[in-house]
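S.K.: Here is my input, please return the structure:
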Amino acid sequence: MTEAGVAARRVPLLEAIGISKSYGALRANDAIDLAVAEGEIHALLGENGAGKSTLVKIFYGLLEPSAGELRWRGAPIALASPAEARSLGIAMVFQHFSLFENLTVAENVALGLPRSEPMAGLAGRVRDISRAYGLPLDPHREVWRLSVGERQRIEIVRALLQDPRLLILDEPTAVLTPQEGEQLFAALDKLRRERRAILYISHKLEEVQRLCDVATVLRAGKVVTTCDPQQESSASLARMMVGETVPPVRRTAVARRSTTRLRVSHLNHAADDPHGVSLVDVTLEVMGGEILGIAGVAGNGQDELFAVLSGETPVSNADAIAIDGKAAGTATITERRRMGAAFVPEERLGHAAAPRQTLSANVLLTGHATGGLVRHGIVDRKETTTRMEAICRTFDVRKAAGDPEARTLSGGNLQKFVVGREIVQVPNVLVIAQPTWGVDAGAAAAIQRALLDLAARGSAVLVISQDLDELLQISDRIAVMFNGRLSKPMMAETVGREEIGLLMGGVIASHVSQSGHAARP
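M.R.: Model (predicted):
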């Protein structure tokens, strides 16, 4: 679609005219113009901190704009709440689910509908809507029994039960297998054919090119362009988002060391949480100079594996985990750090970083174990601040002047900070979960290059990620975790996406028959 074609589209369903939102001196949205038409999938792109979340919260009635006007079918509107947005026909599916584990699918759906919605018959409606859009759900199953993909279906079906004319989706494929992603794309195509509008936020530019009719790109709170993503490349879209060319990240061959730096041997661990996943006979090893990727749909034991490897959950058998040949299964987090290991958990704010502590204090949280920051029991504040500044400089962490609290950083900048905090220590072993979760193309490339550089220096790097493209890009070998079990690692250069996707869905690749059909365990 040419720019003239974009301009000549029909009267918008939702139109933003000069929308601005300020927080004190910070201008999160700056005179944004955007129009979404019926029967259109419209991508909203931008790097972290570009203003996407603020804008869609205004569209959904969670925030009021400081200036500008919203129009619905050409008429001015003022949305004071999400309920008012829903009454017009605007629905939103957030990146993070709002579900109660012990309730059934139907009960969770009911909580998101008007109180006048009778429970009698709701289960049937859930079943009918989910089947109609190729997103089948059993309304009587408890949520804790469902995969992450099925949980996302609940959020989408709950939105569809409101018969929306505009559906806002925030990173909808972030936790899906390739096969589940295809099911979602088919459902979105059906919604488009029904003349519904979809506003689609994603950092996965390949799927934006495939799926979306129009893309609006934000940078620093302003619209920089509106384009047809199908006429662009991933590289050109990334350049629009960050304002400069994002060099491709490529794995390069490096001399492998002969030593295994991280070894896990027949690890079994019963989940402490009744809704958790027990680890069953997990065995792996990571060589110095190597990146081992662990793929899998969320909720298959990755959190439990990270907790066991990091020492947050010690195991009874010391020999089940070895760091540079030393038994570490019963060691604490600090003891494992002193052995030369470092860890970056998935949740950056609250787990990897203390929100209300300064950045230098957050450096101390993990750096105290390896020396240089505490002398004779006294914190060396000058050295801690110097290291914090070095991390921000090396990893392009954009922050306020001085030593701000961690919670003041955008998601992408905080992620670069917590990753950089561990990498500057040059650990012998790094275990990192979801390294580029929800970050823009520029920040993702910077983090991925840092992991490759660390491995090239002889460290063993274990990456747990739901982003299959990322794992194929940076890993030397890939294993898949399903229901607490780990597959045999496969060479990233030769394994196919389809094979990994089947393993992520619980199909055992070694059971594929000569006819090409796979058997489930």
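
S.K.: wait, residue 475 sits on residue 286?
M.R.: No. Residue 475 lies out of contact with residue 286 (Cβ atoms under 8 Å); the separation is 10.6 Å. C-beta coordinates here come from the backbone N, C-alpha and C atoms, glycine included.

S.K.: neighbour-wise, which of the two wins?
M.R.: For residue 475 versus residue 286, the count of surrounding residues by other Cβ atoms under 10 Å is larger for residue 475: 28 against 25.

S.K.: Got the phi and psi for the more buried one?
M.R.: Note on residue 475: backbone dihedrals following degrees, to the nearest 10 are phi -90, psi 150.

S.K.: Tell me which residues touch residue 406, please.
M.R.: Neighbouring residues of residue 406 by Cβ atoms under 8 Å, 6 or more residues apart in numbering: 349, 353-359, 362, 414, 417.

S.K.: Pick out the most distant pair among the residues you listed.
M.R.: 356 and 417 (15.2 Å; Cβ to Cβ).

S.K.: neighbour count winner among those two?
M.R.: Neighbours were tallied for residue 356 and for residue 417 using other Cβ under 10 Å; the higher tally belongs to residue 417 (24 against 9).

S.K.: In contact with the more buried one, which residues?
M.R.: Applying Cβ under 8 Å, 6+ apart to residue 417 gives the contacts 353, 359, 362, 391-392, 395, 397, 406, 409.

S.K.: same thing but 10 Å
M.R.: The neighbourhood of residue 417, defined by Cβ atoms under 10 Å, 6 or more residues apart in numbering, consists of 348, 352-353, 359, 362-363, 388, 391-392, 395, 397-399, 406, 409.

S.K.: now it: how far from residue 401?
M.R.: Using Cβ to Cβ, to the nearest Å, residue 417 is found at 16 Å from residue 401.

S.K.: before we move on, what about residue 288?
M.R.: For residue 288, the distance to residue 401 - Cβ to Cβ - is 39 Å.

S.K.: between the two, which one's more packed in?
M.R.: Residue environment comparison for residue 288 versus residue 401 gives the larger neighbour count to residue 288, 22 against 5, counting by other Cβ under 10 Å.

S.K.: State the distance from the more buried one to residue 431.
M.R.: Summarising the geometry, the distance separating residue 288 from residue 431, computed by Cβ to Cβ, is 14 Å.

S.K.: pLDDT at the spatially most central residue of the chain, what is it?
M.R.: Nearest to the mean C-alpha position of the chain, counting by Cα atoms, centre = their mean, stands residue 437 at 3.3 Å. Model confidence at residue 437, expressed as pLDDT, equals 78.

S.K.: Checking it next. Helix, strand or coil?
M.R.: coil (DSSP: H, G, I helix; E, B strand; the rest coil).

S.K.: now do residue 184
M.R.: The local conformation at residue 184, judged by three-state DSSP, is helix.

S.K.: Surely it and residue 150 touch.
M.R.: No. Counting by Cβ atoms under 10 Å, residue 184 does not reach residue 150; the two are 11.9 Å apart.

S.K.: With neighbour numbers in mind, choose between these two.
M.R.: Just comparing residue 184 and residue 150: by other Cβ under 10 Å the higher neighbour count belongs to residue 184, 22 against 19.

S.K.: which residues does the more buried one contact?
M.R.: 133-135, 149, 152-153, 156, 169, 172-173, 176, 207, 211.

S.K.: Throw the residues you listed into a markdown table and include neighbour count, thanks.
M.R.: Conversion of the contacts of residue 184 to a markdown table gives the following (neighbours: other Cβ atoms under 10 Å):
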| residue | neighbour count |
| --- | --- |
| 133 | 20 |
| 134 | 15 |
| 135 | 21 |
| 149 | 22 |
| 152 | 24 |
| 153 | 25 |
| 156 | 23 |
| 169 | 25 |
| 172 | 25 |
| 173 | 23 |
| 176 | 22 |
| 207 | 19 |
| 211 | 22 |
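
S.K.: State the distance from the residue nearest to the centre of the chain to residue 218.
M.R.: As for residue 437, its distance to residue 218 is 20 Å (criterion: Cβ to Cβ).

S.K.: Could you do residue 490 as well?
M.R.: Distance from residue 490 to residue 218, counting by Cβ to Cβ: 38 Å.

S.K.: same thing with residue 173?
M.R.: Note on residue 173: its distance to residue 218, by Cβ to Cβ, is 20 Å.

S.K.: and what of residue 441?
M.R.: Note on residue 441: its distance to residue 218, by Cβ to Cβ, is 13 Å.

S.K.: again, but for residue 47
M.R.: Going from residue 47 to residue 218 by Cβ to Cβ gives 8 Å.

S.K.: now do residue 137
M.R.: With distances taken as Cβ to Cβ, residue 137 is found 34 Å from residue 218.

S.K.: More neighbours: the two, which one.
M.R.: Between residue 137 and residue 218, counted using other Cβ under 10 Å, the more crowded position is residue 218 (25 against 22).

S.K.: how about that one, what does it touch?
M.R.: The contact partners of residue 218, by Cβ under 10 Å, 6+ apart, come to 29-30, 32, 34, 44-47, 49-52, 54-55, 224-225, 240-241.

S.K.: Test my guess that residue 246 contacts residue 445.
M.R.: Yes. Under the criterion of Cβ under 10 Å, residue 246 lies in contact with residue 445, with a separation of 5.2 Å.

S.K.: so what sits against both of these two?
M.R.: Counting by Cβ under 10 Å, 6+ apart, the residues touching both residue 246 and residue 445 are residue 238.

S.K.: Next, work out how far apart residue 118 and residue 106 are.
M.R.: Separation of residue 118 from residue 106 (Cβ to Cβ): 12 Å.

S.K.: try residue 278
M.R.: Here the distance between residue 278 and residue 106 works out to 28 Å (Cβ to Cβ).

S.K.: Repeat that for residue 424.
M.R.: To residue 106, residue 424 is 50 Å away according to Cβ to Cβ.

S.K.: and if you look at residue 231?
M.R.: Relative to residue 106, and taking Cβ to Cβ, residue 231 is found at 43 Å.

S.K.: Next: residue 64.
M.R.: When distances are taken as Cβ to Cβ, residue 64 and residue 106 turn out to be 34 Å apart.

S.K.: For those two, work out which one has more neighbours and name it.
M.R.: Neighbour count, other Cβ under 10 Å: between residue 64 and residue 106, residue 106 has more, with 20 against 12.

S.K.: Ramachandran coordinates for the residue in the chain sticking out farthest from the centre?
M.R.: Checked against the mean C-alpha position of the chain, the extreme residue using Cα atoms, centre = their mean is residue 376, at a distance of 40.7 Å. The phi/psi pair for residue 376 (degrees, to the nearest 10) reads phi 50, psi 40.
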